[in-house]
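> no sequence for this one, just the structure:
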């Protein structure tokens with residue numbers, strides 16, 4: 001299916017269903033597909049991200065994945081307060097990049113369309129790039145501070161993985177690239193190569209723990225994930241964070257998408273989403289009846305975390321300290337990328 005057809009399917013879904021959500025303000029597309037023209041084929045393992053803006057703060061933050069008319073949707077509910085002004089959006093490291101490239105699906109008041117025009121005019125100015133990079137750096141620190149030694153081990157690992165992963169976003173934001181989720185390390189690799197800074201990619205992989213991962217190791221961990229994924233999906237409760245990422249509808253992206261990256265020689269980069277997804281699965285299984293865990297499932301998870309160098313809480317703490325120590329170096333690389341881009345205006 002062509003991207004244009006997928007977007008039209010999303011528009012119809014918004015008109016027919018999402019527009020009846022209490023406090024509905026409007027909806028737009030987000031994510032990696034925003035960067036693709038209408039006449040290109042929808043990438044096989046990808047979903048279409050849709051953001052629905054609502055005034056109801058009780059609904060904001062909700063997210064679910066589902067298939068509608070043959071299209072896999074990843075729908076997030078965003079509080080309309082995050083879309084008040086161009087300045088607010090341009091300084092937001094998470095909302096800003098997706099909104100800047102958005103396709104408006106439904107905008108009854110016209111506010112989103114006028115906001116989009118203003119955001120696109122000012123988005124590439126140096127001060128807003130710096131603001132977004134600073135916000136991403138703050139997110140790294142928040143993930144690190146959220147690590148609670150009293151929490152479950154998968155929770156500790158997830159916080160550490162995302163702290164490491166957001167370092168790629170600091171750089172991608174500096175380069176005005178898409179701060180993608182699943183393929184963030186691949187995107188960072190391409191960015192650093194374009195700016196002649198490929199050696200720093202090894203640093204990023206080192207913070208993740210994937211620098212020395214071999215292809216056969218990545219393939220083995222993916223095969224384990226394939227087995228554990230189905231077991232976790234059967235028992236995952238609706239209140240579990242990231243439950244949509246271990247649902248049956250998310251399987252093509254998590255499993256097939258990771259397999260595609262490994263086949264392309266990006267096995268180290270693929271380890272980010274393999275590890276995140278496996279950690280989510282472990283969280284679901286450990287919070288379920290004991291017989292939900294497949295035989296040897298806990299041991300396989302220990303093997304994964306061992307290969308990443310974070311196999312026990314003490315190692316998670318050490319890795320977290322390393323990430324925090326390296327954050328100024330990440331920020332320095334981001335500043336160098338901004339300075340090297342002559343097309344970025346000063347103000």
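Perfect, I can see it now. For clarity, every value in this text was computed on a predicted model and none was experimentally measured. Residues are numbered from 1 along each chain as shown.
> residue contacts, the nearest residue to residue 157 once chain neighbours are set aside?
In space, and not counting its chain neighbours, residue 157 is closest to residue 279: 5.0 Å by C-beta to C-beta, 6 or more residues apart in numbering. The C-beta positions use only the backbone N, C-alpha and C, and glycine is treated the same way. Neighbouring residues of residue 279 by C-beta atoms under 8 Å, 6 or more residues apart in numbering: 154, 157, 158, 161, 301.
> which among these end up buried?
Buried members of those, counted by 16 or more other C-beta atoms under 10 Å: 154, 157, 158, 161, 301.
> among these, which are in helices?
When DSSP state H defines the helices, the subset of the buried ones among the contacts of residue 279 inside them is 154, 157, 158, 161, 301.
> just the residues you listed now: which is nearest residue 127?
Ranked by distance to residue 127 (C-beta to C-beta), these are led by residue 161 at 30.8 Å.
> so what are the sheet partners of the longest strand along the chain and their directions?
Ranked by residue count, the top strand of the chain under DSSP state E comes out as strand 71-79. Strand 71-79 has these partner strands in its sheet, going by DSSP bridges: strand 48-54 (parallel), strand 63-68 (antiparallel).
> which residue packs closest to residue 248, ignoring adjacent ones?
Excluding its sequence neighbours, the residue lying closest to residue 248 (C-beta to C-beta, 6+ apart) is residue 233, at 5.8 Å.
> quick one on the thing from earlier: the strands paired with strand 71-79: which one's closest to residue 335?
Shortest distance between residue 335 and the strands paired with strand 71-79, using C-beta to C-beta, is found for strand 48-54: 29.1 Å.
> who's in contact with the closest one?
In contact with strand 48-54 (C-beta under 8 Å, 6+ apart) are residues 6-7, 10, 13-14, 18, 21-33, 42, 60, 71-80, 82-83, 98-99, 102, 105, 112.
> how about the helices in this protein?
Assigned helices in the chain, in chain order: 3-16, 86-90, 95-100, 111-122, 126-145, 153-174, 184-194, 199-208, 215-235, 251, 257-263, 267-286, 297-307, 313-340 (criterion: DSSP H).
> distance to residue 53 and mean pLDDT added to these, as a markdown table?
Formatted as a markdown table, the entries for those read as follows, by distance: least, C-beta to C-beta, whole Å; pLDDT from 0 to 100:
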| stretch | distance to residue 53 | mean pLDDT |
| --- | --- | --- |
| helix 3-16 | 11 | 97 |
| helix 86-90 | 11 | 97 |
| helix 95-100 | 10 | 95 |
| helix 111-122 | 7 | 97 |
| helix 126-145 | 20 | 97 |
| helix 153-174 | 22 | 97 |
| helix 184-194 | 25 | 98 |
| helix 199-208 | 33 | 98 |
| helix 215-235 | 29 | 92 |
| helix 251 | 29 | 89 |
| helix 257-263 | 28 | 96 |
| helix 267-286 | 27 | 95 |
| helix 297-307 | 37 | 95 |
| helix 313-340 | 29 | 97 |
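> state the distance from the one residue sitting closest to the centre of the chain to residue 74.
In the chain, the C-alpha closest to the average C-alpha coordinate belongs to residue 181, at a distance of 2.4 Å (C-alpha atoms, centre = their mean). Between residue 181 and residue 74 the distance is 10 Å, computed by C-beta to C-beta, to the nearest Å.
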